[in-house]
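Student: what's the 3D shape of this:
(2 chains)
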Amino acid sequence: MNNQRNPTISKGVDSTLIWLYLLLVAIGLLSIFSVTYHEGDDVLRSFLNFKTDYSKQLIYFFVSILIGLFILLTDSKFFTATANIWYAVGILLLLLVFPFHTEVKGTESIIRFGGFQLQPAELCKVFVCLALAKYLSRVETDFSKTSSHLMAAGIIFLPALITVAQKETGLALVFLAFFLVMFREGLPAGYLIIGFSLAVLVVATLLLDKNVLAITLTAIALLALYFGWRFTRQRRELVIIIAVVWACCVGVQRFAVPFIFTKVLQKHQVERIFSLIGRENPYAKLNTVEGDEPVVVKKDTDYNVRQSKIAIGSGGFFGRGFLKGTQTRFDFVPEQRTDFIFCTIGEGFGFLGCVVVLGIYAFLLLRMVNIAERQRSVFSRCYAYGVASVFFFHIAINICMTIGLAPVIGIPLPFISYGGTSLISFTTMLFILVRLDADRQMVLR
Amino acid sequence: MSVFNQSRSNIIRLIFLGLFLIIIVQLFNLQVIQGKYKQLAMDNAVFPKVKYPDRGIIYDRKNRPILNNTIMYDLVVVPNEAKKTDTFGLCGILGIDTAEYRKRMLEARYKNGPYRPSIFEDLLEPQLQARLDENLWKFPGFALVERPVRVYPFNAAAHIMGYIGEADSNIIRRSGGYYHMGDYVGRNGLEAYYERVLMGQRGVEFLLKDNKNRLVGNYEKGRYDTPAVRGRNLNTFIDIELQQLAEKLISGKLGAVVALDPKTGGILAMASGPNYDPNSLTGPNKQKNYAHMVLDVKAPLLNRAIQGFYPPGSTYKPLGAMIALDEGVIKPQSGIGCTGAYYGCNRVVRCTEHWQGHSANLRLSIAWSCNSFFSDVFRKTLDNPAYSGSRAGLVKWNEYMHAFGFGRRIGVDLPSEITANVPDTTQYDKEYRRSWNSCTMVTIGIGQDKLTATPLQMANAMAIVANKGYYYIPHFVKSIENENEKDTVLRRYRQKHEVLTHIPDDVYDIVQQGMQDVVEHGTARVAQIPGINICGKTGTAENKTVLDGKVIQLKDNSMFVCFAPREDPKICVAVVVQNAGYGATWAAPIGSLIVEKYLTDSLRTERVAEVKRISEANIIPEYFERLQYKTDSVRAFKWFNLTKDSSYIKKYLPKHGSRKVPSVPAPVAKKVEKEQMINKNLYAKRTTTDKRNP
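Tutor: Here you go, the predicted model:
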């Protein structure tokens, strides 16, 4: 504490991360600028009048930098000590949304006071990251026990479920990224295998006819039984295990998936998923039975992705040039300042520009993993992995949805997408990591 | 501690990099391999707006514009901006109901979308436009947009000028995609023939549009735009005052008048009756007027000067003589003895003259239009000893006729000219099973049989006689503005066609003298103009039609061809008036008036009364009334059968029909012979087929 004066604020700070951060924010500002700029605008004035999106984003950036500096000025022990309190605050904020939310574009996850909007679900990522790191780094936590696994999963799923209830499934999915942290900390690979199998099963359910799939599953079960019968002696256990697995699979395929697609997910999300895999929505009828208006045309859900693909594809190898893209400049891609900001880069700078941006991101992520691995404290390591996982999830899903590899779930591209809350929360996550890393020598555990 | 599970950090790194690799592969696929997205983005955002140039103007020989461009107004609407418009007020002004309003709005949305202007009502009447202009503030989303329209200051030359209309799918296909839907293109007349010259060059402006299809500016600051180039003007030979006179004279009649300058082949006037005002096909009522004319059985849209074919009758005789002279089968001095009929073949060809000596030589025979003489001349042409027989003679005769421009498209600069018919050996072979001789078609010699010609071909034949053996293809356009090497279209009109090479000038003089005698002492004396030597020839051809299964004898076609002045021919005229009687009654006075107007640039006062008399005469045969009724009712019946919509058929049904049914006119009485005897020298020869007994 005594030598935490200004000259020493930069001591131990990983300047690479800071530079990457500044580079990405700059790219983001230029991208937003190229979307909203109209020919003849006075650039300097509109950058400073705080009415246009890019000047607003500039304010958010200044705010973020202030918060970042503030974080750098604090003691790293502060985060370990207050992790659980922050988690509680986060959950409280999430719950406060229900009575106080204002509906914006179909989500119910935003609190508005004055001219300022707050999306607690965004901020919650930081808190969950801290809380998970705190839990995993406890001396008494033995992460080889199933109860610990369940506890950790609980920490993740509590805010995720609340977020789902706020119709922000996209943001809720981000919490799944924390499984990577748990994996690093020794979560048995079996969980991942089961998770992966489940994912395959769900995709197969969507792609195949349900009876064909049921017969295939049964055939696999019988084959497994046949071969298992020969190689094992504990035949009763074998039969029971196979029967239970088979029942689970068929249950998921027959009941769980239709349930999720008709009751849990919202119509537009279902449509997006089916438009991605290019099939008619078989649950559309089930949806309309309830007397709702029929689900209108998948054209609408296709539209975003098609326009986004046109934008990126029209960039070619070298791009059409800064401010030359017609797709992004004339609003053909909806939501392009926020979720589809990657189109601007793809159209303006082409394949080369995309690879450069992806390279910066890859460098950032690998740098985070390296930082994580050099930590002495489990808390810092877990936190670093948490940050890396969340970033990775955002980047991968966001870009994949703009190029038609993932369904459209509205999650922003870190540091580049327009939006105050997301920029501030990502900056906070990053600067806490920088702070923890700077103090890595001081911490013994 | 940190060593614990450290290997998993590599797995996490691999997961990160693996997914990034997948993304890069997909990006490579989208941006580099699949090229279609660039075009898709262009289609999305760039709207090529066509800029239409002004069409060229057509001038007459004294540089008076026969047609010109003017501005009319269309009412256009942007559907999305018209939500707060005063619907009732607008409907009141336009005289439509709200259902019609909604229908048009839907159409507009369907055609160009809700953010682009579409035409709500086109070509507004001036008063309507003024009223709308005053009240336009009440109708947001509506605007008046200029539109260039053709206007005809002299209300004349409709058939020659043709008209412009929207390009149909046929034209678009044939142009290889040059024209687009909604483009205006010349659909007939000079407008169509000189389309490439008149239309100019369209410009394209590439405009950017946004996601709602609104136009937001120029693409790449107009780097790829091309300017519109104004269409080039045409200078023609037409004398618009002469044209007006010709149209006035032929109105109320079926027929055609063609006047051309033999020295150049330039057409001075070409009128077809019944005619119409060209302005009726440009204004707000053009659809209605057009439909009305299309359904008219008298076919006012038909240009009979190039699309009507008539047996030339006696007007052919000078040509027949010249072919024979060129072939050397007759001499100008040689004659035959005629006592009122030609007995050289099995059948008798009657002649109106009986007195001895009217066919003593070529000049007299032309002057008295002796049927016997010209039947004989024709047979001599066919049975020319220089060839092996009448078959070869007919082939040779065909060659001459084709060279004169008969039996083929003469090549005037108007579309859809017809060939008419010059019978050849195949036609007779087919009909007579190859056994025929010169007697079979002997009446060709007096312009009958299967020989037909258009009035333009007849006028061109006069040019050959006047020019003593050559002609230029008749045409309207003298020159194109800024003519260059690429304008090959006029080249063939400047080429001299020498068709008769073996006749010395003094023999031409004899033929011309014979024709001058026709006007001075013969059948065409009404055509005389003091101080001008006119060479002419009348013609009369009988015709019939079949209506309701009955053959109706119609009055003869009245024909007159001439050129003047004889010493230095400046004008050739051919006049055909269908079902009007003798050549001298209607056609000759018309031809004479045209010549006088052109050569003296005015008409004598007593002739103005003649113009009035002729122009007010209505010589359209009465059977047309019945024919129109029949055609209309049949069409109504077909419509009813097709759609079960009885609104049209109703007025033709006896129960509802308050309409008088026109009856079939009685056959024209054949008292003509008596009349003919009285005015024996005044009228051209009747057709002398054996069907007619004196």
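
Student: Can you give me the domain boundaries for the chain?
Tutor: In the absence of a named chain, this looks at chain A. Domain assignment for chain A, taken from automatic domain parsing, gives A:76-175, A:192-289.

Student: not quite, I wanted chain B
Tutor: With automatic domain parsing as the reference, chain B has domains B:50-236, B:241-621+B:672-678.

Student: Spit out the contact partners of residue A:422.
Tutor: Residues counted as contacts of residue A:422 (C-beta atoms under 8 Å, 6 or more residues apart in numbering or on different chains) are A:122, A:412, A:414. Backbone N, C-alpha and C define where each C-beta goes, glycine included.

Student: and residue 329, how many neighbours?
Tutor: In the absence of a named chain, chain A is used. Residue A:329 is flanked by 24 other residues according to other C-beta atoms under 10 Å in any protein chain shown.

Student: not what I meant, chain B
Tutor: 20.

Student: residue contacts, the closest residue to it other than its chain neighbours?
Tutor: Leaving aside its sequence neighbours, residue B:329 sits nearest to residue B:380 (C-beta to C-beta, 6 or more residues apart in numbering or on different chains; 4.4 Å). Contacts of residue B:380 were listed using C-beta under 8 Å, 6+ apart, and they are B:324, B:329, B:330.

Student: Tabulate the residues you listed (a markdown table), appending secondary structure and pLDDT.
Tutor: Output for the contacts of residue B:380, formatted as a markdown table (DSSP: H, G, I helix; E, B strand; the rest coil; pLDDT from 0 to 100):
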| residue | secondary structure | pLDDT |
| --- | --- | --- |
| B:324 | helix | 92 |
| B:329 | coil | 90 |
| B:330 | coil | 90 |
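
Student: Considering only the stretch 301-450 of chain B, name the residue that lies closest to chain A.
Tutor: Here the residue of the stretch 301-450 of chain B nearest chain A is residue B:415; by C-beta to the nearest C-beta that distance is 43.7 Å.

Student: and if you look at the stretch 551-694 of chain B?
Tutor: Here the stretch 551-694 of chain B gets closest to chain A at one residue, residue B:643, 35.8 Å apart by C-beta to the nearest C-beta.

Student: wait, doesn't residue B:66 sit right on residue B:240?
Tutor: Yes. Using C-beta atoms under 8 Å, residue B:66 is in contact with residue B:240, at 5.7 Å.

Student: Are there residues contacting both of these two? Which ones?
Tutor: Applying C-beta under 8 Å, 6+ apart, one finds that residue B:66 and residue B:240 are jointly contacted by B:60, B:154, B:156, B:157.

Student: Report the separation between the second one and chain A.
Tutor: Look at residue B:154 and chain A: by C-beta to the nearest C-beta, to the nearest Å, they are 51 Å apart.

Student: same check, this time on the first one
Tutor: Taking C-beta to the nearest C-beta as the criterion, residue B:60 is separated from chain A by 51 Å.

Student: ditto for the third one
Tutor: With distances taken as C-beta to the nearest C-beta, residue B:156 is found 52 Å from chain A.

Student: Tell me which residues touch the residue of the stretch 301-450 of chain B closest to chain A, please.
Tutor: Residues counted as contacts of residue B:415 (C-beta under 8 Å, 6+ apart) are B:162, B:188, B:189, B:192, B:193.

Student: helix/strand/coil for it?
Tutor: Of the three states, residue B:415 takes coil under DSSP: H, G, I helix; E, B strand; the rest coil.

Student: One more: residue B:461?
Tutor: Following three-state DSSP, the label given to residue B:461 is helix.

Student: And residue B:541, by the same measure?
Tutor: Three-state call for residue B:541 (three-state DSSP): strand.

Student: Spit out the contact partners of it.
Tutor: B:310, B:311, B:312, B:313, B:447, B:448, B:556, B:557, B:559, B:687.
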